[in-house]
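Student: got a predicted structure here, sequence first:
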Amino acid sequence: MRGFHLIQNVLSVLVMLFIAVIWGISAAPGYLIVMWIRDRVVGEGLLMEAVGTGIGLGLGYLCWGICMVLLCGLLGGLLRPRFDEGRVPLESFTTIQWAWSMIFHRSALLFLWVLVPSFLGNVYYRLMGAKIGKGAQLNTDNINDAGMVTLGAGVVMGGHATINAHLTEKGELVLSPVKVGDGALLGSGSIVQPGCVIGEGAVIASRAVVPKWTNIPPGEVWGGIPAKCIRLADGTKPGD
């Protein structure tokens, strides 16, 4: 794509300004909380003013963070491009579209870590386009490309577990959806790459890296870098 780097640089500046606007709009409700509390403690003594103002700032910050994350989720879902599975040149219009879709998640990361695991974290990912089953526990802010991710009922993701529906290699952007079956467990710090299918009740050990387009059968335990089967669904080890 001709002029890709120029377009990239110009859009980077515009994106920074756009993110600042999102953060600013999200701060408005928190500002109102701070001022409302502040008005009620002014003139009540230095200690009361300090405590009241401190509480107001804390509540205002919390309100800002929640509003910002949910606004990013809403905008990210509404403005999210739809991608076909496959490979495209890294310097292409599709890459620009993909980068645009990631802006909102990058913006939300400033506070999303505070909201996981909670229903607010799940709401954010659903707004971003992820399909999440009932009872899923997502203790991570690293579900990238949420619109290409499906998580079944009762899925558990440990702290800092990562799902990527994209990667870059050999001058190309690779895009492929990720599906995680009901009751599967992704251990803390594990990484699942694009195109992977994790079967129902399967376990990905902590720190394991599941290569792209890996199909893990139901009930199996996988671990290591790259991840390999370390226990079959019947409880035996491979090769026994």
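Tutor: Done, it's in. Fair warning: this is a prediction, and the values are worked out from it, not measured in the lab.

Student: tell me which residues in the least confident helix or strand in the chain by mean pLDDT are buried?
Tutor: Lowest by mean pLDDT, DSSP states H and E among the helices and strands of the chain is strand 86-89, with a mean of 84. Buried residues in strand 86-89, counted by 16 or more other CB atoms under 10 Å: residue 88. Quick note: C-beta positions are derived from backbone N, CA and C, even for glycine.

Student: what's downstream of that strand, the next helix or strand?
Tutor: Using DSSP states H and E, the helix or strand that follows strand 86-89 in sequence is helix 93-115.

Student: can you point out the buried residues in that following helix?
Tutor: 94-96, 98, 100-101, 103-105, 107-108, 110-113, 115.

Student: starting at the chain centroid, how far to it?
Tutor: How far helix 93-115 lies from its chain's middle: 8 Å, per CA atoms, centre = their mean, to the nearest Å.

Student: hey, C-alpha coordinates of it in CSV?
Tutor: Extracted C-alpha coordinates of helix 93-115, given in CSV (Å, rounded to 0.1, in the frame of the first residue of the first chain):
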residue,chain,number,x,y,z
PHE,A,93,-5.9,-1.1,4.5
THR,A,94,-7.0,-4.1,6.5
THR,A,95,-4.1,-3.5,8.9
ILE,A,96,-5.3,0.1,9.3
GLN,A,97,-8.8,-1.2,10.0
TRP,A,98,-7.4,-3.7,12.5
ALA,A,99,-5.4,-1.1,14.3
TRP,A,100,-8.5,1.1,14.5
SER,A,101,-10.4,-1.8,16.2
MET,A,102,-7.6,-2.1,18.8
ILE,A,103,-7.6,1.6,19.7
PHE,A,104,-10.5,1.2,22.1
HIS,A,105,-9.1,-1.8,23.9
ARG,A,106,-5.7,0.0,24.2
SER,A,107,-7.6,3.0,25.7
ALA,A,108,-9.6,0.8,28.1
LEU,A,109,-6.4,-1.0,29.4
LEU,A,110,-5.7,2.1,31.6
PHE,A,111,-8.4,0.9,34.0
LEU,A,112,-9.7,-2.5,32.8
TRP,A,113,-7.3,-4.3,35.0
VAL,A,114,-9.2,-3.0,38.0
LEU,A,115,-12.5,-4.4,36.8
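
Student: from the contact counts, what lies against it?
Tutor: For helix 93-115, the packing partners by 3 or more CB pairs under 8 Å, 6 or more residues apart in numbering; DSSP states H and E come out as helix 4-41, helix 46-78, strand 86-89, helix 119-127, strand 172-175.
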